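Student: My questions concern the predicted model and sequence given below.
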Amino acid sequence: MSTLTQNDIAIATRAAENFTRLYYSTYDSPTRIDDLPNFYRPNSALTWNGRPFEGVEGVRELVSGIPTSKHEVQSFDCHPIPGSQPPSLLVTASGTVIHGKGPAGNPAKTPRGVVDGHPRVFSQTFVLAPDPNAPPTKSGEVAKYYITADAFRFVG
Amino acid sequence: MSQPTFSSPTPAPGSRAIAASALRRAGLIDQDAKMRDVSEKPGRKAGVKQSTRTRTHPHKPRAIDLVTGKDQHGAKSLNARIAAGDPATSRLVKSTAARGRRNAISLNGAPGSGKVIELWKEWVNRRWNKEAKFLNLERMHEDEFLKRHRLTCPSSPDGAREAQVVFKIASKLEPPVETISLAHNDLASGRIMSTLAHFMPKLANLSLEGNKLGGWKEIEYISGKRGRLEQLRELVLIGNPMRDLEIKNDRVQQYKSDIARRFPSLEMLDGEPVVRVAFDAPTPSASTSARHHTLLTSFAWNVEPSFIAGVDGTIVSNFFVRFFPLFDNQRGALLDAYAPDATFSFSANTGIPPRARIEGIHVSKDFPNQRKLEWAPWLSGGLGGSRNIGRLTGGMQQLTQSLHLGSEQAVKAMADLPSTKHDVTGSPEQFSVDAFPIRQGESTNLLVTVHGQFAELPSEGIRSFDRSFVLAIAPEGSRAKQNGWDVVILSDQLVVRAYSSYEAWRPGPIRVQAGDLLPSPGLQQALAPLPEPQRALMQDLILRTRLNLQFAEDCLKNNEWDLERALANYEQVKANLPGDAYLPQDAFLP
């Protein structure tokens, strides 16, 4: 049974903050198709609205089929998952996402109650794991982490 | 520069000449102005002459000359010239008056301010170590040059404008400033730094050593929403009360964490490395060489039903059928289901869901109790409150309190949350589950994410929730196994949100903008045999043009599957296309 120290929690929290910020800004950038796969490894497993993809190539295929996006993260949380050292991290994020041009991209005569084009609520869960093959590159770095599991859904 | 009052390092021999020519090239000083400077001899006071630092523009009258009467256009007094309506004079008078309360700093501004700017430029230049890319702004209140020229010290309480001038000048230095020291300036407020992030966003190293910064508020000027040093690598806060207090109260770790959270790029704090976790995030140089990709305007993928893989589906459903009724009626009994070292936390996403709002769910008759719901029990209940990391204000303490370690703590916290009613036996479309195995070190565990809704008691208002579990197979002889659980919970994260309809995960194609065509099941079936990415490109092109499969494929093939070129090609030829190049109406969903 491994006990979590305050230091573990502090490092995990900072990792979650950095990760969330980096991940969604990469997702929303024009270079998404080239840059987002770097967060994953060949053995990464992910689902997008229930459709499974695998590995770096799977991510590339997935994001090639998604229109431009703009995410706004409204809440995120992170734990170290007990059972391994350095620990894997469970991260959940939720917020809203606009795909395409948002409400402004709707035709001029779109009636008021139509939801299309408006932001959707999303929920995404990640498991971040230390990469055993990558040694830390700079002083102070505990480990290089990557996304080993990822489940995304539109929820609203 | 070896004057005792300047603490900038002595430049290498010949470097002054190099610095001077660099500044000239950079346009910061005139071609014909010589760099006035202190003598090399140590211990001597500066011998800069008073009156020779101004630019001379023979064709432009200078305000100061007008005021002193030494006008080149003639010796008429200022009043006389205003009375005569002299255009040059009136322009100058206007601008002098207007300059009084202006906030904007113009380096090439109205004549008269030019002299002061030149002084600042010279001063910045004296404190600039070009070789080390280091701008030394230490001990400014002791600076002889500032005193002699009666320049307001930037570190004084009314020196905000002067600080802005200094940073603006610094932002134009070449090579760009990497390091700034504001040490030993008696700074009690961080306000002096309010424009620092604006003028020098790429600043790498900052020292605030030996000041009087008392609290986190003072750091907000460089770590808040208005201005953030995004690339700060090193920060020194030694000798400030805010740091000394934390050390005295035995909160060093918290202090380090709180700083590191505000400056994600930080590598060194107070001379020690910052411990952190790294990701393979894109670096600017890597991204700029990327190929140009045309993004689709439609989704290549549909929403699919619940996905369960690598595990028998009944294990997952058995778990839920037992877990949720206990969560509703007898949270204490869940003690058996959590591993002894399990982790649990919950957070409230209090954002208003846009689509639900447009649909008027929260005010509709079908949801009569929504207005009775309150966020307070979720935000501060549960023995530690909502753990929305991005919104926490209580620092390390709140982060620790809101993370419940061990099965006992987890269940205790849950007992302090509002009562709930999950309708697990009702219509299954209310819930969406994605579950698949994950490797964790040597073992294989199960990631299970469930999205759904519950009624909150006693109000009976409806909430939406997302819950993520990491489950392990319950070992033989474990408490969980003995109590009939096939799986044991290692981690549990709950997010509670304002209600959104489960229509969000109804399977089918996804619309981007209102009025977009969606493919009918028949069309999707026809496209299904194609390999990716051709299938996705075909679907996108067809949805935009209504071309049938043959024409769409030809169009893409002839343009080497480059979507942008294919669309341009289509635009060129569409006038000549026959009617049967297109799909009938029923190939699309309304």
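Tutor: Done, it's in.

Student: before we move on, what SS does the residue nearest to the spatial centre of chain A have?
Tutor: Residue closest to the mean C-alpha point of chain A, counted by Cα atoms, centre = their mean, is A:Y23 at 5.4 Å. Taken by DSSP: H, G, I helix; E, B strand; the rest coil, the conformation at A:Y23 corresponds to helix.

Student: residue contacts, it?
Tutor: Residues in contact with A:Y23 (Cβ atoms under 8 Å, 6 or more residues apart in numbering or on different chains) are A:L36, A:F39. Every C-beta, even on glycine, is put in place using the N, C-alpha and C of the backbone.

Student: Which residues are in contact with the residue of chain A most remote from its centre?
Tutor: Residue farthest from the centre of chain A, counting by Cα atoms, centre = their mean, is A:K109 at 35.4 Å. Listed by Cβ under 8 Å, 6+ apart, A:K109 has no contact partners.

Student: and it, what element?
Tutor: Secondary structure here is read from DSSP states H and E; on that basis A:K109 sits in neither a helix nor a strand.

Student: B:F323 now?
Tutor: Using DSSP H and E, B:F323 maps to helix B:313-329.

Student: Give me the buried stretch members for that helix, please.
Tutor: Across helix B:313-329, burial judged by 16 or more other Cβ atoms under 10 Å in any protein chain shown covers B:I315, B:V316, B:F319, B:F320, B:R322, B:F323, B:F324, B:F327, B:D328.

Student: just those now: which is nearest chain A?
Tutor: Of all these, B:V316 has the smallest distance to chain A: 13.3 Å, by Cβ to the nearest Cβ.

Student: So for the closest residue in space to B:D280 that isn't next to it in sequence, what's the pLDDT?
Tutor: Excluding the flanking residues, the one nearest B:D280 by Cβ to Cβ, 6 or more residues apart in numbering or on different chains is A:N38, at 4.1 Å. You'll see A:N38 listed with a pLDDT of 93.

Student: Near the residue lying closest to B:E209 once chain neighbours are set aside, how many other residues are there?
Tutor: Nearest non-adjacent residue to B:E209, counting by Cβ to Cβ, 6+ apart: B:A183, 4.1 Å away. Residues lying near B:A183 (other Cβ atoms under 10 Å in any protein chain shown) number 20.

Student: Can you verify my assumption that B:L208 contacts B:L235?
Tutor: Yes - if you go by Cβ atoms under 8 Å, B:L208 and B:L235 touch, sitting 7.5 Å apart.

Student: Looking at the two, which has the bigger crowd around it?
Tutor: Neighbour totals were compared for B:L208 and B:L235, and B:L208 leads with 27 against 24 (other Cβ under 10 Å).

Student: What are the phi and psi values at that one?
Tutor: Here the main-chain torsion angles of B:L208 (degrees, to the nearest 10) amount to phi -120, psi 30.

Student: before we move on, back to that, residue contacts, the residue nearest to B:E209?
Tutor: B:E138, B:R139, B:S207, B:L208, B:E209, B:G210, B:N211, B:V236.

Student: and what of B:A415?
Tutor: Here B:A415 is in contact with B:R331, B:G332 (Cβ under 8 Å, 6+ apart).

Student: What separation is there between it and B:L405?
Tutor: Applying Cβ to Cβ, to the nearest Å, the value for B:A415 to B:L405 is 16 Å.

Student: before we move on, back to that, identify, from the buried residues of helix B:313-329, the entry nearest to B:D250.
Tutor: B:F327 (38.4 Å; Cβ to Cβ).

Student: And the helices in the stretch 101-250 of chain B, which stretches?
Tutor: B:113-126, B:144-148, B:160-171, B:196-199, B:220-223, B:241-248 (DSSP state H, counting those that start in this stretch).

Student: helices or strands next to the fifth one in the packing?
Tutor: It stands for helix B:220-223. helix B:196-199 (3 or more Cβ pairs under 8 Å, 6 or more residues apart in numbering or on different chains; DSSP states H and E).

Student: buried ones in the helix it packs on?
Tutor: For helix B:196-199, by 16+ other Cβ under 10 Å, it's B:L196, B:A197, B:F199.

Student: Chain A: which of these is nearest?
Tutor: Nearest to chain A out of the buried residues of helix B:196-199 is B:A197 (Cβ to the nearest Cβ; 16.5 Å).

Student: For the closest one, give me its contacts.
Tutor: B:L203, B:Y221, B:I222, B:G227, B:R228, B:L229, B:E230.

Student: Let's see that with 7 Å instead.
Tutor: B:I222, B:G227, B:R228, B:L229 (Cβ atoms under 7 Å, 6 or more residues apart in numbering or on different chains).

Student: any idea how far chain A is from the second one?
Tutor: Taking Cβ to the nearest Cβ, to the nearest Å as the measure, B:G227 falls 17 Å from chain A.

Student: Within the sheet, what are the partner strands of the strand or helix carrying B:L494, with directions?
Tutor: Element membership of B:L494, judged by DSSP H and E, is strand B:487-498. On the basis of DSSP bridges, the sheet neighbours of strand B:487-498 come out as strand B:338-349 (parallel), strand B:461-473 (antiparallel).

Student: Tell me which of the ones you listed sits nearest to A:V114.
Tutor: strand B:461-473 (21.4 Å).

Student: and the very next helix or strand once past the closest one, how far from the chain's centre?
Tutor: Later in the chain than strand B:461-473, the nearest helix or strand by DSSP H and E is helix B:479-482. Chain-centre distance of helix B:479-482: 45 Å, with Cα atoms, centre = their mean, to the nearest Å.
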